[in-house]
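3D model of this:
(one chain, ligands or ions: 1)
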Amino acid sequence: MSDTRPLVVVANRLPVSRGEDGWRASAGGLVTAMRPVMDEVGGAWVGWSDDADEVPRRVDGLGCDLHAVKLSRAQVRGYYHGFANRTLWPLFHDLIKQPVIDRRWWTSYLEANRAFADATLEVLEDTQTTPTLWVQDYHLLLLPQMLREAALQAPIGFFLHIPFPPPELIARLPWRDQLLSGMLGADSIGFHTARFRDNFIRSVQRVFNGVTSLGDTLVLPDGRQVHAVAHPISIDVDEFSQLATSQETEEELSALREQFAGRKVFLGVDRLDYTKGIRHRLQSIELLLERDPELRKEFAFVQVAVPSRDDVKEYRDLRTEVETEVGRINGRFTEPGHDVPVHYLYRGVSRAKLAAYYRLADVMCVTPLKDGMNLVAKEFVTVQAAGDEAGVLMLSEFCGTAIEFGDDVVPCNPFDVEGLSYLMGSALTLDEEDRRARIRRLAEVVRSADVYRWVDDELHAIEQGTDGP
Ligand code: ADQ
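Sure thing, here's the model as predicted:
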């Protein structure tokens, strides 16, 4: 990337939250990854905030200016809860739920993208050097084109954090032309995997006449070139490796080891989202325990579920379904005088506690029905390897991470509830040294392409209009 060009990131949310002692930087992966780049080149972050009028220009630990986008409550309902989370999210995740098509939400989505464009253009007015613009995710599909129409000199990049579905699904959207044109305003469009990128290229060619493609490059009818690239996102490997053996993690871990002594621990860590396959996973556990009474006393399944989007009906329904399932399994299989088999935590947990759970797990269940990448899987193998553990990773074939991880995981089809229950049983029989070696190899895969590499590849592609270094 250019070493002088500042960077303007535009994302749905600003990377800050307000706590008891004021505003502070949030701990998300994207923020961590951007920090060194922002410290080096400077820049700004544009995002929506509920408290737009109160967001400070700067917070400690973030080397960029903050610019809050203000949206009305009705816009947030239509743009965010509606179009982004009830239309695009289910459609882009292969219709795991039926997308809701509502023209009023579309209008709010247009208005909100326009508000992000206006805020970004204001930032540019105050910037001396032409920056690189980097737009994030499905909330802002229209933004690259809106920015391009402002005739800026700045290179524009876009990255999609969720899957891009096959052309026949995109074709169902009444606003498919506008959404694809919106994305095509970028110079470089990044996806997690080559398959998502190819779905995008085929969708563009299905919807528009006269677009040619050569490798990763699309040539539009007016001759402009757009690069569609595959750059898998990752984690800060050093941060997670250090966390794995920190004193706080060790303390949490010894408490957990005591609590779960003598039991095999299966673990799930997810946002409470219907794409993550939590219900299917619980049903597999129920089958496993039904089949194997001996296992009941020496088994625990811990599901840590972070509350997510509870303003959206499908998510509230999912919570009820998951909690009913957990209650049924515990009701059926808890032995008098023994602990329950399923431990369900509906909350976010601290980094140290998360790392302690990762280290504790004998079998980690990452079984989404569809997932763009899935960082939990990468965090798990990194923390396990740093702690010299020998857990098993069961990994859905429907997440981006599966493409990088190959044969060292136990691959699974999460829709096959019965098959999954047998795989869970057999995961316990793998030889310990084999398991440890697999974890080490998987951690190497993550280390060889960490989140800093992802940022570099993305920025390089945006700057050069080429596919990475
Ligand atoms: P998500 O759907 O949120 O991300 P994921 O990539 O797994 O999924 O990231 C979840 C993050 O939340 C992880 O860093 C994890 O540590 C954290 N987390 C989960 N449960 C937690 C808990 N109970 N307490 C604390 N932290 C918890 C979207 C896409 C993914 C894509 C990412 C990044 O859906 O496919 O990998 O963006 O592009």
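
Tell me the residues on the stretch 201-350 of the chain that lie near the ligand, please.
By C-beta under 6 Å from any ligand atom, the residues of the stretch 201-350 of the chain that approach the ligand are 233, 269-271, 304, 306, 348-349. (Each C-beta comes from the backbone N, C-alpha and C, glycine too.)

So among those, which ones count as buried?
Among those, those classed as buried by 16 or more other C-beta atoms under 10 Å are 233, 269-270, 304.

Now tabulate the residues you listed in a markdown table and tack on pLDDT and secondary structure.
Formatted as a markdown table, these follow (pLDDT from 0 to 100; DSSP: H, G, I helix; E, B strand; the rest coil):
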| residue | pLDDT | secondary structure |
| --- | --- | --- |
| I233 | 95 | coil |
| V269 | 97 | strand |
| D270 | 96 | strand |
| V304 | 97 | strand |
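
Contact partners for R86?
For R86, the contacting residues are 99-100, 105, 312, 314, by C-beta atoms under 8 Å, 6 or more residues apart in numbering.

can you do 6 Å?
With contacts taken as C-beta atoms under 6 Å, 6 or more residues apart in numbering, R86 has the following neighbours: V100.

so where's the protein shaky on pLDDT?
Applying pLDDT under 70 to the chain flags the ranges 1-4, 29, 465-469.

Domains in it, by residue range?
According to automatic domain parsing, the chain comprises the domains 7-234+452-465, 237-448.

now the residue nearest to V445 when sequence neighbours are not counted: how far from the ligand?
Closest residue to V445 apart from its sequence neighbours, by C-beta to C-beta, 6 or more residues apart in numbering: E404 at 5.7 Å. Distance of E404 to the ligand, given as C-beta to the nearest ligand atom, to the nearest Å: 12 Å.

Buried residues in the helix or strand hosting E404, which are they?
Assigned by DSSP states H and E, E404 belongs to helix 400-405. Using 16+ other C-beta under 10 Å as the burial criterion, the residues of helix 400-405 that qualify are 400-402, 404-405.

Out of those, which is nearest to the ligand?
Compare each of those with the ligand using C-beta to the nearest ligand atom and the shortest gap goes to G400, at 6.4 Å.

who's in contact with that closest one?
Counted by C-beta under 6 Å, 6+ apart, G400 has contacts 192-193, 372-373.

So which of the residues you listed wins on neighbours?
Ranked by the number of neighbours (other C-beta atoms under 10 Å), those place H192 first, at 27 neighbours.

Quick check on that residue: phi, psi?
Here is the backbone geometry of H192 (degrees, to the nearest 10): phi -70, psi -40.

quick one, what contacts it?
232, 372-373, 400.

Now with 8 Å, please.
H192 touches 160-161, 163, 230-233, 372-373, 400, counting by C-beta under 8 Å, 6+ apart.

Please identify which two of the residues you listed are farthest apart in space.
Taking C-beta to C-beta as the measure, the contacts of H192 reach their widest spread between P163 and H231, a distance of 14.4 Å.

Can you report how many residues lie near V326?
V326, neighbours per other C-beta under 10 Å, totals 22.

how about it, secondary structure?
Judged by DSSP: H, G, I helix; E, B strand; the rest coil, the three-state class of V326 is helix.

And for it, nearest residue in space, chain neighbours not counted?
Y344 (4.6 Å).

Let me know the secondary structure of that neighbour.
Recorded secondary structure, Y344: strand (three-state DSSP).

now do G190
Secondary structure, three-state DSSP: G190 is strand.

Tell me which residues touch the spatially closest residue to it that is not a sequence neighbour, please.
Setting aside the residues directly before and after it, G190 is nearest to F159 in space (C-beta to C-beta, 6+ apart), at 4.1 Å. Counting by C-beta under 8 Å, 6+ apart, F159 touches 134-137, 189-191, 231, 458.

Strands of the stretch 301-450 of the chain, residue ranges please.
342-346, 363-366, 392-396, 410-412 (DSSP state E, counting those that start in this stretch).

And the stretch 51-200 of the chain, by the same measure?
Taking DSSP E, counting those that start in this stretch to define them, one finds strands in the stretch 51-200 of the chain at 65-69, 132-136, 156-159, 188-191.

what packs against the first one?
In this structure, strand 65-69 makes packing contacts with strand 43-48, helix 103-125, judged by 3 or more C-beta pairs under 8 Å, 6 or more residues apart in numbering; DSSP states H and E.

Direction included, what does that strand pair against?
Here strand 65-69 has these sheet partners by DSSP bridges: strand 43-48 (parallel).
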